[in-house]
Every structure is written in structure tokens, then in C-alpha cells.
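Q: Coordinates for the following, if possible.
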Amino acid sequence: GPDAPGAAELRDELTALGAAVTVVACDVSDRAAVEDLLSAHVPDAVVHAAGAVLNGPLDAVTAEDVGRVWEGKVAGAVHLDAALGDRALDAFVVFSSIAGTWGSGGQVGYAAANAFVDALMESRRARGLAGVSVAWGPWTGGGMAEGPEAVEALRRRGVLALEPGRAV
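A: Residues are numbered from 1 along each chain as shown. Below you'll find the predicted structure:
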């Protein structure tokens, strides 16, 4: 929403490029809120960039922990997909993670959530609808894989962090 860090700057940048931009706060884990939003605003494109990380070994993760990770990413994508129905869009893009492709030690809920949104976009495409999932690697500047241990673990696997401006 408008109070999110960088929202005003992003709105101004997109408007300067010629896009019509409306910034609205909406809890995408709340299906009724998503349906209300999409009945009031008819988008040409959707970009779903939710994410939350829960670190820990599988035997220490509870169903409630996984639920918190899945609320925004999975429930949000599912609610957007359902509320949009068969509406023609120029794009429906979800920000996913390489964790959904090759796993991520200690991030079982996050890896599974990203694999789910990858599959949801494949399902949209199979139905003849717009859908693409971009499986990002780690971001520089305080992303979800921040901290010296995470950076070193990824570096050992040959994965370097992406500079956000250049990556997008």
C-alpha cells in the first residue's frame, strides 16, 4: 500500500513511464479483500511479489510456521488467480525463488511455497491464461538471504546475489 517503503517512488517512476498506477493496501491472504480489490480496480497485469522466510530444520517446523510462510505467497497467488478467473491479462507474474527449483536447506516451507506458485503459473498457462513465475536468486541489499552465513552458504554453491535494479 501507500505506506510501504518505496511505494511513492515506484508509483512516480511507473507514472513517468506512462503507466496508470493505483497504490492500494490489500491483504492478499484474505480472499474477500482480493475480490473487493479486483472488483474496484480492473488490472491489465498483476505482479505478485510476496515472500516470507522461516529458517529451521524440518523436524522443528510446525504447521503454523508453514502457514505463516504460505499466507502471502501461496494464498495470495491462489486468491488472485481465482478472483481474476479467465480475465485476459497482459501479464500475471509471480516472484518465485530458486529455492522452489532446487530446494533450500533449512527453508522447507519457503521452498515448498515457491514450488507451489511455480506450478500455479504453469496451471494458468495450461488453461490458456497469462502466467509466468520468475525464480529469483538472492538479492543484495538486505533481501531474504541476508547475513554472512546465508551469503557464504550460497557462495559455496556458486550462487551470487543479484543487484535488484539490474535484476529487474
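Q: Would you mark the buried spots in the top strand by length along the chain?
A: Determined from DSSP state E, the single longest strand within the chain is strand 91-97. Neighbour-count burial for strand 91-97 flags F92, V93, V94, F95, S96, S97 (criterion: 16 or more other CB atoms under 10 Å). Heads up, the C-betas are built off the backbone N, CA and C, glycines and all.
Q: what are the bridge partners for the third one, then?
A: With DSSP bridges applied, V94 shows beta-bridge pairing to H48, S133.
Q: do you know how far it is from V151?
A: 25 Å (CB to CB, to the nearest Å).
Q: center of this structure, which residue is that?
A: Per CA atoms, centre = their mean, the C-alpha nearest to the average position across the chain is that of A49, at 2.9 Å.
Q: what helix or strand does D65 sit in?
A: For D65, the host element (DSSP states H and E) is helix 63-70.
Q: Please list the outside residues in contact with that helix.
A: For helix 63-70, the surrounding residues in contact (CB atoms under 8 Å, 6 or more residues apart in numbering) are A52, V53, L54, G56, V108, G109, Y110, A112, A113, F116.
Q: how far out from the middle of the chain is that helix?
A: 15 Å (CA atoms, centre = their mean, to the nearest Å).
Q: Now whichever helix or strand comes after the longest strand of the chain: buried residues?
A: Next helix or strand after strand 91-97 toward the C-terminus (DSSP H and E): helix 99-102. Going by neighbour count (16+ other CB under 10 Å), the buried part of helix 99-102 is A99, G100.
Q: So which elements touch helix 99-102?
A: Identification of packing neighbours for helix 99-102 by 3 or more CB pairs under 8 Å, 6 or more residues apart in numbering; DSSP states H and E yields helix 108-126.
Q: How far off centre is the helix it packs on?
A: Between the centre of helix 108-126 and the centre of its host chain there is 10 Å, according to CA atoms, centre = their mean.
Q: by contact count, what packs against it?
A: Applying 3+ CB pairs under 8 Å, 6+ apart, we find helix 108-126 packed against helix 63-70, helix 76-84, strand 91-97, helix 99-102, strand 132-136.
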